[in-house]
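turn this into a model:
(chains A and B)
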Number of protein chains: 2
Amino acid sequence: MINFADRMNLLKGSEIRELLKLTEQPDIISFAGGLPAPELFPVDGMAKASQSVMDEMGSVALQYTSTEGYRPLREKIAERMLAKNGIRTDADHILMTSGSQEGLDFSGRVFLNKGDVVLLESPSYLGAINAFKTCEPTFIEVPTDKDGMIMEELEKILENVQNVKMIYVIPDFQNPTGRTWPLERRVKFMEIINKFEIPVIEDNPYGELRFKGEYLPSLKSLDEKGLVIFLGSFSKILAPGYRLGWICASDEILAKYNFIKQGASLQSSTIGQLEVNKFLEMYDLDEHVNKIVEVYGKRCELMIKTMEETFPSDIEFTHPDGGLFTWVVLPEYMDAKVLAPQCIEKKVAYVPGGSFFPNGGHENTFRLNYSNMPDDKIVEGIHRIAEVLHNNLQNSK
Amino acid sequence: MINFADRMNLLKGSEIRELLKLTEQPDIISFAGGLPAPELFPVDGMAKASQSVMDEMGSVALQYTSTEGYRPLREKIAERMLAKNGIRTDADHILMTSGSQEGLDFSGRVFLNKGDVVLLESPSYLGAINAFKTCEPTFIEVPTDKDGMIMEELEKILENVQNVKMIYVIPDFQNPTGRTWPLERRVKFMEIINKFEIPVIEDNPYGELRFKGEYLPSLKSLDEKGLVIFLGSFSKILAPGYRLGWICASDEILAKYNFIKQGASLQSSTIGQLEVNKFLEMYDLDEHVNKIVEVYGKRCELMIKTMEETFPSDIEFTHPDGGLFTWVVLPEYMDAKVLAPQCIEKKVAYVPGGSFFPNGGHENTFRLNYSNMPDDKIVEGIHRIAEVLHNNLQNSK
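So this is what the prediction gives:
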């Protein structure tokens, strides 16, 4: 009999990944994944960038590079972080990762011993929870409302709980809720953090995908003590197929991430980094992002409108200003895990919300993605879910 | 003050990575890295493969794919493993990784609790040691001779040590020594493993790079109980820039690796997988590998011959039948870390051997790579090292 490490008892396959497999059938309307709209990918541009890299520096592209990553790309990322997130940094404070997911995994390993406490929004991103679990921490969920994490609750926890080693947050268009923290909360959050001096992982894959409301500064841009570790990604603004993200952090912290990266994967794809760098030289990424934002904004609006028209009246959902997701709260007697197979029978899929709560419960919730389906399927899919919801209402008229 | 996890106390930057940075200066003759010869990369072929992928299925290439990886590529890998390693397997027993390094990292996390024992050859691959360290295990080095791990020693350890959770080996053209286990040792090893039922990580990035001697079966091909986890890689037979490797293992074990991969990086590069798959469809990889083997064989021979002609007579080194490295053992009074700066002054670099021993010692050793430098630089570089060695001889005539 083979002995596995204790941490393996905590890990099950992610429900999203399992669902995605189910939903690979082309006749399923899937609101389950967090997939970008493939029809918007800049295929021609990336093809030209790729050709140009192979023509000009093919043998560099195919060789090993440094753990930090390709410097010209890191320089462009630093410029973009100033323009988009108000963060003053440079190439020396950026480490390339194989998608943001790698940054999440590294975060747990840099900060968490077994039994240490990590704080996160309730609910929070399932992929982050699973990444942190490999370090066997204790999760404490910080209560949230429609404006994200509640700062009084955060402060109360930090005053009473020893051993908090890390706080994980997604202030912009959160996964899974689509919620965004207003400015006052960001300022208050940094006040609290500066007082308690706890490292913060600011996960920001969706920040540029704002289709409503006003720009808000990132936590990292408000960080004076070097406590915030910012995770960025090309997955949602360009394409996830490259698996390219980055970590921006202060010297001492970034050095630790670098050590972990050396053992975990040596470096991210050289050719991927060179091609994305070339694309940024040849094309205007802002123009591309604007296109995405326009389409996602319309899809979000259409999904929300259709939900308002068809869902039973006692069902609540968020109204995102950006990002990829809306979050549905059912009456407490309903269980989204029980309803999911009924929906899949009708060829429509979502992700049940329970897995986004590391300590369990909240089975009366689910997450909907609106970026990956065209308009007609959004309308049709929401109608099908609405039908299942109506069929399962208690005391329905 | 920020608290880091305990594991961070064990991790220093890899000396190889630090050295590689030093040796990026173009006037240095570097035998330090494990870099393939860039002039042999099939740049044109990969450019055409890339173009073809973007033309035919660009939006698939840029999208997310499954954690397991792109099935057509996994099917081709399964066929290749039968042809090259005598392993009967299929796509369902292969998980793509972001280089073999990711497979090493996952191996530690799947099997090792803090304090568990991992056995490995003495010396062993520095990158594996660093990857395993993040799980805070105890390392026991199994003694070796010119034919690799000594089986009597392995058996003695397994009989006396509790808590051995994993054995890590590189039977073909080992890194750092260049040694290869003969058939009898492989058979004996599997007998011992079957008796004690300990999982084995068989790391095989160099197996196809044999320029002398006869084909030998992989451990995995002799594995009847599903105890061997085989790590393969495209880095040395095609190009490292893609960061594409794979794990082949039995169902229960592979499922655990898959869980870790979901949290660690979701999946390996979609576009990289599709491009390598297309290259394998369009071109004959064997033909390409034959070219590499011819060049590396000549470079190895030239390096060994030059060492025989120039090194002091009481210095020993291995005579590899394949792979990328030869291993030098100095008289015990010499310290390769002390000599390295003297060599760098003469614009030539190697990796001091101490870091390849997880429990320290053996500072009178170093590793030389012969794949990355052209003939004239091999001769010149070895002459310069020989000069430093002669200058540091005690009782020299």
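
and residue A:243, what is it in contact with?
Counting by Cβ atoms under 8 Å, 6 or more residues apart in numbering or on different chains, residue A:243 touches A:98-99, A:102, A:235, A:268-269, A:272, B:98, B:265-270. To be clear about C-beta, it is placed using only N, CA and C from the backbone, and glycine gets the same treatment.

confidence score at it?
Here the pLDDT value assigned to residue A:243 is 97.

please identify the buried residues of the strand or helix carrying residue A:262?
According to DSSP states H and E, residue A:262 maps onto helix A:251-265. Within helix A:251-265, the residues that count as buried by 16 or more other Cβ atoms under 10 Å in any protein chain shown are A:253-254, A:256-265.

for stretch A:52-62, same thing?
A:52-54, A:58-62.

now the contacts of residue A:243 in JSON lines, with pLDDT?
Formatted as JSON lines, those follow (pLDDT from 0 to 100):
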{"residue": "A:98", "pLDDT": "96"}
{"residue": "A:99", "pLDDT": "95"}
{"residue": "A:102", "pLDDT": "98"}
{"residue": "A:235", "pLDDT": "97"}
{"residue": "A:268", "pLDDT": "97"}
{"residue": "A:269", "pLDDT": "97"}
{"residue": "A:272", "pLDDT": "97"}
{"residue": "B:98", "pLDDT": "96"}
{"residue": "B:265", "pLDDT": "94"}
{"residue": "B:266", "pLDDT": "94"}
{"residue": "B:267", "pLDDT": "96"}
{"residue": "B:268", "pLDDT": "97"}
{"residue": "B:269", "pLDDT": "97"}
{"residue": "B:270", "pLDDT": "97"}
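
and those residues, which is closest to residue A:302?
Within these, the smallest distance to residue A:302 is 23.4 Å, found for residue A:235 (Cβ to Cβ).

and that closest one, what is it in contact with?
A:36, A:99-100, A:205, A:242-245 are the contacts of residue A:235 under Cβ under 8 Å, 6+ apart.

helix, strand or coil: sort out it for me.
With DSSP: H, G, I helix; E, B strand; the rest coil as the basis, residue A:235 sits in coil.

re the thing from before, other SSEs contacting the helix or strand following the helix holding residue A:262?
Once the chain leaves helix A:251-265, the next helix or strand it forms, by DSSP H and E, is helix A:270-282. Applying 3 or more Cβ pairs under 8 Å, 6 or more residues apart in numbering or on different chains; DSSP states H and E, we find helix A:270-282 packed against helix A:43-61, helix A:71-85, helix B:270-282.

could you give the angle of helix A:270-282 to helix A:43-61?
Relative orientation of helix A:270-282 versus helix A:43-61 (axes from the mean of the first three to the mean of the last three Cα atoms, to 10 degrees): 130 degrees.

which is the next helix or strand following helix A:270-282?
Next element after helix A:270-282 (DSSP H and E): helix A:285-310.

what strands flank the next helix or strand after that following helix, and is each parallel or antiparallel?
Scanning forward in sequence from helix A:285-310 by DSSP H and E, the next helix or strand is strand A:316-317. Next to strand A:316-317 in the sheet, as set by DSSP bridges, lie strand A:325-329 (antiparallel).

how many residues are close by the nearest residue to residue A:150 once chain neighbours are set aside?
Using Cβ to Cβ, 6 or more residues apart in numbering or on different chains and skipping the chain neighbours, the partner closest in space to residue A:150 is residue A:143 (5.2 Å). Per other Cβ atoms under 10 Å in any protein chain shown, the neighbour tally for residue A:143 reads 13.

and if you look at the one 10 residues further on?
The burial count assigned to residue A:153 is 16, neighbours taken as other Cβ under 10 Å.

quick one: it is in a strand?
No - going by three-state DSSP, the assignment for residue A:153 is helix, not a strand.

OK, contacts around the spatially closest residue to it that is not a sequence neighbour?
Computed as Cβ to Cβ, 6+ apart, the closest residue to residue A:153 that is not its neighbour in sequence is residue A:143, at 4.6 Å. When contacts are counted by Cβ under 8 Å, 6+ apart, residue A:143 touches A:122, A:149-150, A:153.

which of these lies closest to chain B?
residue A:122 (19.7 Å; Cβ to the nearest Cβ).

that closest one contacts residue A:141, correct?
Yes - between residue A:122 and residue A:141 there is a contact under Cβ atoms under 8 Å: 3.3 Å.

which neighbours do these two share?
With Cβ under 8 Å, 6+ apart as the test, residue A:122 and residue A:141 both reach residue A:357.

next step: the contacts of residue A:235 restricted to strands.
Residues of these located in strands (DSSP state E): residue A:245.

among the contacts of residue A:235, the buried ones, what's the ChimeraX command?
To isolate the buried members of the contacts of residue A:235 in ChimeraX, using 16+ other Cβ under 10 Å:
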select /A:36,99,100,205,242,243,244,245
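
CSV for the contacts of residue A:235, including distance to residue B:2?
Formatted as CSV, the contacts of residue A:235 follow (distance: Cβ to Cβ, whole Å):
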residue, distance to residue B:2
A:36, 35
A:99, 25
A:100, 21
A:205, 24
A:242, 31
A:243, 28
A:244, 27
A:245, 22
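
from the contacts of residue A:235, which land in helices?
residue A:100 (DSSP state H).

which one is residue A:68 nearest to, not counting chain neighbours?
Residue A:68 sits nearest to residue A:95 (Cβ to Cβ, 6+ apart), 5.6 Å away.

sketch out the low-pLDDT regions of the stretch 251-397 of chain A for me.
A:396-397 (pLDDT under 70).

around chain B, which positions in it sit nearby?
Within the stretch 251-397 of chain A, the residues that sit near chain B (Cβ under 8 Å from any Cβ of the partner chain) are A:252-253, A:255-256, A:258-260, A:262-272.

rewinding a little: same list (the helices and strands packed on helix A:270-282) but as JSON lines, adding distance to residue B:187.
Below are the helices and strands packed on helix A:270-282 laid out as JSON lines (distance: least, Cβ to Cβ, whole Å):
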{"stretch": "helix A:43-61", "distance to residue B:187": "41"}
{"stretch": "helix A:71-85", "distance to residue B:187": "49"}
{"stretch": "helix B:270-282", "distance to residue B:187": "32"}
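
winner for burial among those helices?
helix B:270-282 (a mean of 22; mean count of other Cβ atoms under 10 Å in any protein chain shown).
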